[in-house]
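S.K.: Next come a sequence and a model predicted from it.
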There are 2 protein chains.
Amino acid sequence: MKQPGYMDIVIAAARRAADAGEVPVAAAVVDADGNIVAVAENRMQRDANATHHAEILALNAAMAAVGKSRLDGFDLWVSLEPCTMCAGAIAHARIRRLYFAATDIKGGAVESGVRFFNAATCHHKPDIYGGIQAAAAEQLLTAFFAGRRAP
Amino acid sequence: MKQPGYMDIVIAAARRAADAGEVPVAAAVVDADGNIVAVAENRMQRDANATHHAEILALNAAMAAVGKSRLDGFDLWVSLEPCTMCAGAIAHARIRRLYFAATDIKGGAVESGVRFFNAATCHHKPDIYGGIQAAAAEQLLTAFFAGRRAP
């Protein structure tokens, strides 16, 4: 039986966020040996905190788990292209590789918007792999917003 | 006797950060009635967390204090031009007015770098007032980095 991959685990966490009424986005931090050290869902509504995106929470949990402010050699997997805030946090955290699923043309900052990792004020650029299992992540987001528009 | 202004209070907090070995940056959130609801210093070293910039901590503390994820009508005072991560957080938090002291051409994202508040992917732009008591904030930063280079 096929083992679930990192993005499968992230998308399952995003589904739990949707079930809790949150925009379905989740993220995981994986160490250089392939161990998942943190998984987090978007918690903006539950925490009443506009900065509690999945990426920020996953980075914070990983830093706490390893006791370091920089995650050199660690990878971040996320179900949606990171926004400007999260792209900045990813650079500060020195993430090695960034894997994301769906593109976010309205709010993204990797391939979209300010394309922060290509800016002169970005001091660390991860290797970037976009579009991984994008259809599953997009379907979750589309279903969530369609549900919110329904009466 | 002249009362200390908001930026005086922020610069005093930045000085405390320097005394603790942190890059001296601090921030305060002020409500629509002029009450300070949060003051925070940069704690990246003390917390071993690369995302613990003063602005993020001040926004988080203010959201917790008022129990809301968005700080409509609140102002942020900060001793250094916010970076890309913090500019993104300021937009997510719906800060009304952003007052900052020193400019940061290497890492800033307001007047410098990606100038995020002018981007199409920025969905809330505060009123922006830069250069307030900039000399005092710059002097703190210059002294801090000079001290770190000393033997």
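M.R.: Sure, I can see it.

S.K.: Okay, and the residue nearest the centre of chain A sits in which element?
M.R.: Chain A has A:Val78 as the residue nearest its centroid, 3.0 Å off, counting by Cα atoms, centre = their mean. A:Val78 is part of strand A:75-80 when elements are defined by DSSP states H and E.

S.K.: Does anything pack onto that strand? Which helices or strands?
M.R.: helix A:6-19, strand A:26-30, helix A:54-66, strand A:97-102, helix A:134-149 (3 or more Cβ pairs under 8 Å, 6 or more residues apart in numbering or on different chains; DSSP states H and E). All C-beta atoms are positioned from the backbone trio N, CA, C, and that covers glycine.

S.K.: For that strand, which strands pair with it and how are they oriented?
M.R.: Paired with strand A:75-80 in the same sheet, following DSSP bridges, are strand A:26-30 (antiparallel), strand A:97-102 (parallel).

S.K.: could you give the angle of the first one to helix A:134-149?
M.R.: Spelled out, it's strand A:26-30. Counting by axes from the mean of the first three to the mean of the last three Cα atoms, to 10 degrees, strand A:26-30 lies at 150 degrees to helix A:134-149.

S.K.: Need the residues that contact strand A:26-30.
M.R.: Identification of contacts with strand A:26-30 by Cβ atoms under 8 Å, 6 or more residues apart in numbering or on different chains yields A:6, A:9-14, A:16-17, A:36-42, A:54-55, A:57-59, A:61-62, A:71, A:74-79, A:95.

S.K.: so it versus helix A:6-19, what angle?
M.R.: Using the same axes, to 10 degrees: strand A:26-30 against helix A:6-19 is 150 degrees.

S.K.: on that earlier part again, need the buried ones from the contacts of strand A:26-30 selected in PyMOL.
M.R.: Only the buried entries of these go into this PyMOL selection, using 16 or more other Cβ atoms under 10 Å in any protein chain shown:
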select buried, chain A and resi 6+9+10+11+13+14+17+37+38+39+40+41+42+54+55+57+58+59+61+62+71+74+75+76+77+78+79+95
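
S.K.: Buried residues, the worst-scoring helix or strand of chain A on mean pLDDT. List them.
M.R.: Lowest by mean pLDDT, DSSP states H and E among the helices and strands of chain A is helix A:134-149, with a mean of 93. For helix A:134-149, the neighbour count (16+ other Cβ under 10 Å) marks A:Ala134, A:Ala136, A:Ala137, A:Leu140, A:Leu141, A:Phe144 as buried.

S.K.: and it, does that touch chain B?
M.R.: No - under the criterion of Cβ under 8 Å from any Cβ of the partner chain, chain B is not reached by helix A:134-149; the shortest gap measures 15.5 Å.

S.K.: Please save the CA atoms from that helix in CSV.
M.R.: What follows is helix A:134-149, C-alpha atoms only, in CSV (Å, rounded to 0.1, in the frame of the first residue of the first chain):
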residue,chain,number,x,y,z
ALA,A,134,-2.4,21.4,-6.9
ALA,A,135,-5.8,20.0,-8.1
ALA,A,136,-6.6,18.5,-4.7
ALA,A,137,-5.6,21.6,-2.9
GLU,A,138,-7.6,23.8,-5.3
GLN,A,139,-10.7,21.6,-5.0
LEU,A,140,-10.7,22.0,-1.2
LEU,A,141,-10.5,25.8,-1.5
THR,A,142,-13.1,26.0,-4.2
ALA,A,143,-15.5,23.8,-2.2
PHE,A,144,-14.9,25.9,0.9
PHE,A,145,-15.6,29.2,-0.7
ALA,A,146,-18.6,27.8,-2.7
GLY,A,147,-20.0,26.6,0.7
ARG,A,148,-19.6,30.1,2.2
ARG,A,149,-21.5,31.7,-0.6
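
S.K.: Appreciated, that's everything.
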